[in-house]
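1. Quick one: sequence and predicted model below, then my questions.
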Amino acid sequence: MSEEFEPRAITVRDIAPADFISAYAEHLKNSDKFELPPWADLVKTAVFKELAPYGDDWYYIRAASVARKIYLCPGTGVGALQKWYGGSYRRGTRTEHFRKANSGLIRVILQGLEEMHVIEKAGTHGRKVTRVGQQDLDRIAGGVARAQVEDDDDE
C-alpha cells in the first residue's frame, strides 16, 4: 500500500507560538508600513506593571501577538485582548486582584495593523484578519516551518 504524500499548506496554527511571534515581529520591524509610536519607550503595558518593558522590540512583539490572537479567534476586540494580556495586581500585604491591560496600547496596535491591511473591523464587534493579512501571516508561518525543517536536517 503505497500512499502518496500530498503536502498541505502551513498555517499559523501549525507553528509554535513563540517561533511565529518572533518571526512576525521581525517582519513588522523591517516593514515600512508599521511605525513605532514616539511614546513607546515611556508607556507601561498595564496598571499592574511597575516599569515599562525593557526590550527594544517589545512593541513589535506585542503587535505580532495581537495579530496571531485575531487570526486564531476572529471577532476578538479590544476588551477581550485586555483580558488576555491582563494579570494580577500585587498590592503588598493585601490580596491580589486581576487588572486588565492598557486598552490604548492595544487600540493603537490594532489601528496600525488595520493601516497595513492585515486586519479589519468585523461588523459591529471585534476585528478579523483580511484575505491579504491571512496570506501574509501564513507565508511567514511557512517560512518558519521551512527553517525548522532545515535546522532538523542539519542536525
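-> Looks like it came in fine. Residues are numbered from 1 along each chain as shown.
2. contacts and neighbour counts: CA atoms only from here.
-> Will do.
3. Residue 126 contacts residue 73, doesn't it?
-> No - Residue 126 is beyond contact range of residue 73, at 10.0 Å (criterion: Cα atoms under 8 Å).
4. Which one's more surrounded, the two?
-> residue 126 (18 against 14; other Cα atoms under 10 Å).
5. what residues are up against residue 151?
-> Applying Cα atoms under 8 Å, 6 or more residues apart in numbering to residue 151 gives no contacts.
6. Work out for me the element it sits within.
-> helix 131-154 (DSSP states H and E).
7. what is the mean pLDDT for that helix?
-> This predicted structure assigns helix 131-154 an average pLDDT of 85.
8. buried residues in that helix?
-> 133, 134, 137, 138, 139, 140, 141, 142, 144, 145 (16 or more other Cα atoms under 10 Å).
9. Then stretch 113-128?
-> Buried, per 16+ other Cα under 10 Å, within stretch 113-128: 113, 114, 116, 118, 119, 120, 121, 126, 127, 128.
10. Quick one, grab the pLDDT at the first one.
-> Reading off the per-residue confidence, residue 113 sits at a pLDDT of 92.
11. Let's verify it: helix, strand, or coil?
-> Secondary structure for residue 113, judged by DSSP: H, G, I helix; E, B strand; the rest coil, is helix.
12. And it, how far from residue 127?
-> Here the distance between residue 113 and residue 127 works out to 10 Å (Cα to Cα, to the nearest Å).
13. Please identify the helix or strand for the residue nearest in space to the middle of the chain.
-> Taking Cα atoms, centre = their mean as the criterion, residue 65 is the residue nearest the geometric centre of the chain, at 1.5 Å. Assigned by DSSP H and E, residue 65 belongs to helix 58-72.
14. Quick check: mean pLDDT of that helix?
-> Mean predicted lDDT for helix 58-72 stands at 93.
15. So which bits of it are buried?
-> 58-71.
16. Which members of those residues are the farthest-apart pair?
-> Greatest spatial distance in the buried residues of helix 58-72: 58 and 71, 19.8 Å, computed using Cα to Cα.
17. who touches the nearest residue to residue 119 once chain neighbours are set aside in this structure?
-> Distances taken as Cα to Cα, 6 or more residues apart in numbering place residue 129 nearest to residue 119, at 4.2 Å, with adjacent residues excluded. Residues near residue 129 by Cα under 8 Å, 6+ apart: 67, 70, 71, 74, 118, 119, 120.
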